Structure formats: structure tokens, C-alpha cells
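Trainee: prediction below, plus the sequence it came from.
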Amino acid sequence: MKNLQKMGGVAALLMAAAYVAMMLIFVVVLKYATITDPAQKLALLTAQPNMFFLTNILGYVFFGVFLVVLSLALYERLKEGSTGMLQVAVVLGIIWAGSLVASGMVMNAAIAPTVALYGSDPALAANNWSLVESISGGLGNANGEILGGLFTLLVSWAALKSGKLPKALNILGLLVGVVGIVSLAPMLNNLAMVFGVLQIVWFIWLGIILLSQPKKA
């Protein structure tokens, strides 16, 4: 279905855009990634609650919705002659999407109560926010991009076997997937940032392919 392929292409490009926007806001604008003190994190949250809300919507909720569309588009393109590997990849993509949406919704649901609590008990508010971050981070794969890594690896592997996507794109996808999987190791957790940057390139390239070379109905 040409329409699904085009929707998948648009979704891939929007996912890349969401990734970039989230990184710019958290790393460059808010500089939240460099803050380790809970009190400082909370002070920034209370000063910029709307920015946090928007970032979570873009980087987790919308990203997860677009991921569902992309997963279905990839299944439609690669399903002919595919093995169980593709089905597993699509299921993992849906699970990853649900996990990311849940992560963003949990974080956003906690913003207003935490900001309100900050006025009466800053210490308790900081503790509560740290707990929310732990829960949201676990849902969002902050401790290692295992779901995203497996999804990208298996999709690229299936596409490499089928020949229905460019070989170079698939090789990049295999590399991205491996980086995501190994970032699960505590000593290699910082590779999650490398995974994110490489996957942005993969999403953009994939989006262009799906839009310019849609599967014929």
C-alpha cells in the first residue's frame, strides 16, 4: 500500500525531528543532562514546566505514535518472503512505542503536582521527582537502548536478507542496533547517546527511501 509506505516515510522523518528537538532542548537549552543535584533539577523544572512538558510530548509520546506507523509500514514493505525475524522486530517496535509513550505520560503527569509541592516542601518534592525520573527512565530505556537496538537490528537484518531496502542503509541499521544493545551494559550506558545520533541518520535515510521509493500496491 503506497499510502502506508508514505506515512511510514513521514513518520521516520518526524521521529528524527523529535529526537533532534529533544536533544537540543534537554542538552543545549535546559542543560538538564549535566545536572546531578536533585534540588537543581527541581529548580529548573519549576522555572520551565511547559518546556519539560513539550519535550516529553515530542520526544516520547509523539515519537512512540510515529514508531507504530513506521513499524507497520516496514512490515508491509518487507513481509513478502520474510521470516519470523520481521514479525519479532515489529512486535518489539510496538512494545518500544508503548514503553516510550508511557514514559512521557508518567513524567508529564508528575510535573504539576511536583511544582505545587515544591512551594511547601522542596525536599519532599525533590525526592518525589527523583522517584518519577527513575520510573520514567526505566520505561524510556534510560538504562540502555535494548528495545530500540533490537528493533533496528532485526528490521535491518530482515531487510538485508530481502533486499528491499538499500544495503548500505541496512548495514548502518545493524551498527545502530548493536550500539543500542551493548549500551545496556552499565559501563557502556553512555553509548545510548551515540545510538540516538546514529539512529537519527538511519531514520532520515529510511524516511527518504520510503517516500521516494514506495512499495507498489
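Mentor: That came through, no problem.
Trainee: worst mean pLDDT across the helices and strands of this structure, which element?
Mentor: In the chain, no helix or strand scores lower on mean pLDDT, DSSP states H and E than helix 38-47, which sits at a mean of 89.
Trainee: longest helix of the protein?
Mentor: helix 84-118 (DSSP state H).
Trainee: I'd like the mean pLDDT over that one, please.
Mentor: For helix 84-118, mean pLDDT rounds to 94.
Trainee: can you name the next helix or strand after that helix?
Mentor: helix 122-139 (DSSP states H and E).
Trainee: mind exporting the C-alpha coordinates of that next one to CSV?
Mentor: Extracted as CSV, the C-alpha positions of helix 122-139 are listed here (Å, rounded to 0.1, in the frame of the first residue of the first chain):
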residue,chain,number,x,y,z
PRO,A,122,11.1,21.5,48.4
ALA,A,123,13.0,18.5,49.9
LEU,A,124,10.0,16.1,49.5
ALA,A,125,9.3,17.5,46.0
ALA,A,126,12.9,16.7,45.0
ASN,A,127,12.7,13.2,46.4
ASN,A,128,9.4,12.6,44.6
TRP,A,129,10.8,13.9,41.3
SER,A,130,13.8,11.6,41.6
LEU,A,131,11.4,8.7,42.0
VAL,A,132,9.4,9.7,39.0
GLU,A,133,12.6,10.1,37.0
SER,A,134,13.6,6.6,37.9
ILE,A,135,10.2,5.1,36.8
SER,A,136,10.0,7.2,33.7
GLY,A,137,13.7,6.5,32.8
GLY,A,138,13.1,2.7,33.2
LEU,A,139,10.1,2.9,30.8
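Trainee: how far is it from where the chain is centred?
Mentor: Relative to its chain's centre, helix 122-139 lies at 20 Å (C-alpha atoms, centre = their mean, to the nearest Å).
Trainee: hang on, Ser162 packs against Lys79?
Mentor: No: counting by C-beta atoms under 8 Å, Ser162 does not reach Lys79; the two are 9.1 Å apart. No exception for glycine: its C-beta is placed from N, CA and C like everyone else's.
Trainee: OK, contacts around Val127?
Mentor: Careful, residue 127 is Asn and not Val. Residues in contact with Asn127 (C-beta atoms under 8 Å, 6 or more residues apart in numbering) are Pro38.
Trainee: how far away is it from Pro38?
Mentor: 7 Å (C-beta to C-beta, to the nearest Å).
Trainee: ditto for Leu184
Mentor: 25 Å.
Trainee: now swap in Leu124 and tell me
Mentor: Applying C-beta to C-beta, the value for Leu124 to Pro38 is 11 Å.
Trainee: same question for Gly59.
Mentor: Counting by C-beta to C-beta, the gap from Gly59 to Pro38 is 21 Å.
Trainee: apart from its neighbours in sequence, what residue is nearest Val182?
Mentor: Leaving aside its chain neighbours, Val182 sits nearest to Leu188 (5.4 Å; criterion: C-beta to C-beta, 6 or more residues apart in numbering).
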